[in-house]
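> task: produce atomic coordinates for the following.
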Amino acid sequence: MNREIKKGRPGRRQGSPRALAATLDGITRPIFSKRGFANAAVAKEWPAIVGAQLAMQSQPEKVTFPAGKRGDGTLHLRIASGSLALELQHLEPLLIERINSYFGYRAITRLTYIQGPVWKPPGQTPPPPARPLAPAEEEILSGLLTQIDDMELRAALETLGRSLTIRGKAQK
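Numbering: from 1, shown residues only. Here you go, the predicted model:
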């Protein structure tokens with residue numbers, strides 16, 4: 001009897017289960033390639049490329065390249081406000097340098113801005129500003145730190161004390 005090893009049918013999963021993250025790149029690649037991104041890495045790594053502060057107010061929309069080229073492209077950024085566009089125009093050379101160092105070649109030579117709402121995942125919202133301490137809390141904190149002679153240590157402990165006092169009040 002002639003036994004043949006059956007090869008898997010196309011579209012069927014073989015082997016052990018795979019993590020969702022391992023298959024996500026194959027699913028999202030067509031979507032991102034329509035927008036000029038080779039993969040989702042630029043959008044995902046945007047905070048690491050431009051810094052957390054700018055990433056909170058901007059997001060890459062798409063990359064367009066001249067016909068037949070994969071360099072000297074234009075990155076279209078969605079920004080939260082018009083005033084940020086003016087600031088980014090001043091920072092443009094630095095941003096282009098950071099983006100190109102991420103790509104590893106001269107991928108981007110120009111930025112364009114699209115003003116509109118910037119979507120961020122829930123975990124990426126900035127924390128609310130800390131409230132000032134009440135005079136009684138200030139007095140207690142300074143009383144606890146009077147015996148510390150090292151100014152650097154005193155400043156670090158004061159920052160910690162303020163943080164813990166504010167957090168303690170917020171949880172009550």
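
> quick check: domain ranges of this protein?
Following automatic domain parsing, one gets these domains for the chain: 24-120, 135-171.

> now render those domains as TSV, adding mean neighbour count.
C-beta: built from backbone N, CA, C; applies to glycine. Output for these, formatted as TSV (neighbours: other CB atoms under 10 Å):
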stretch	mean neighbour count
domain 24-120	14
domain 135-171	12
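
> ok, of those domains, where does mean pLDDT dip lowest?
The weakest mean pLDDT among the domains of the chain belongs to domain 24-120, with a mean of 80.

> pull the CA atoms of the strand or helix carrying H90 into PDB?
H90 belongs to helix 82-103 when elements are defined using DSSP states H and E. Output in PDB follows, covering the C-alpha atoms of helix 82-103 (Å, rounded to 0.1, in the frame of the first residue of the first chain):
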ATOM      1  CA  GLY A  82      -3.500  74.500  14.900                       C
ATOM      2  CA  SER A  83      -1.000  75.900  17.400                       C
ATOM      3  CA  LEU A  84       0.800  72.600  17.500                       C
ATOM      4  CA  ALA A  85       1.300  72.900  13.700                       C
ATOM      5  CA  LEU A  86       3.400  76.100  14.200                       C
ATOM      6  CA  GLU A  87       5.400  74.400  16.900                       C
ATOM      7  CA  LEU A  88       6.000  71.300  14.700                       C
ATOM      8  CA  GLN A  89       7.100  73.500  11.800                       C
ATOM      9  CA  HIS A  90      10.000  74.700  14.000                       C
ATOM     10  CA  LEU A  91      10.700  71.100  15.100                       C
ATOM     11  CA  GLU A  92      10.400  69.700  11.600                       C
ATOM     12  CA  PRO A  93      14.200  69.100  11.000                       C
ATOM     13  CA  LEU A  94      14.500  67.300  14.300                       C
ATOM     14  CA  LEU A  95      11.400  65.200  13.800                       C
ATOM     15  CA  ILE A  96      12.500  64.200  10.300                       C
ATOM     16  CA  GLU A  97      15.900  63.200  11.600                       C
ATOM     17  CA  ARG A  98      14.300  61.100  14.300                       C
ATOM     18  CA  ILE A  99      11.900  59.400  11.900                       C
ATOM     19  CA  ASN A 100      14.600  58.700   9.400                       C
ATOM     20  CA  SER A 101      16.900  57.300  12.100                       C
ATOM     21  CA  TYR A 102      14.000  54.900  13.000                       C
ATOM     22  CA  PHE A 103      13.600  53.800   9.400                       C
END
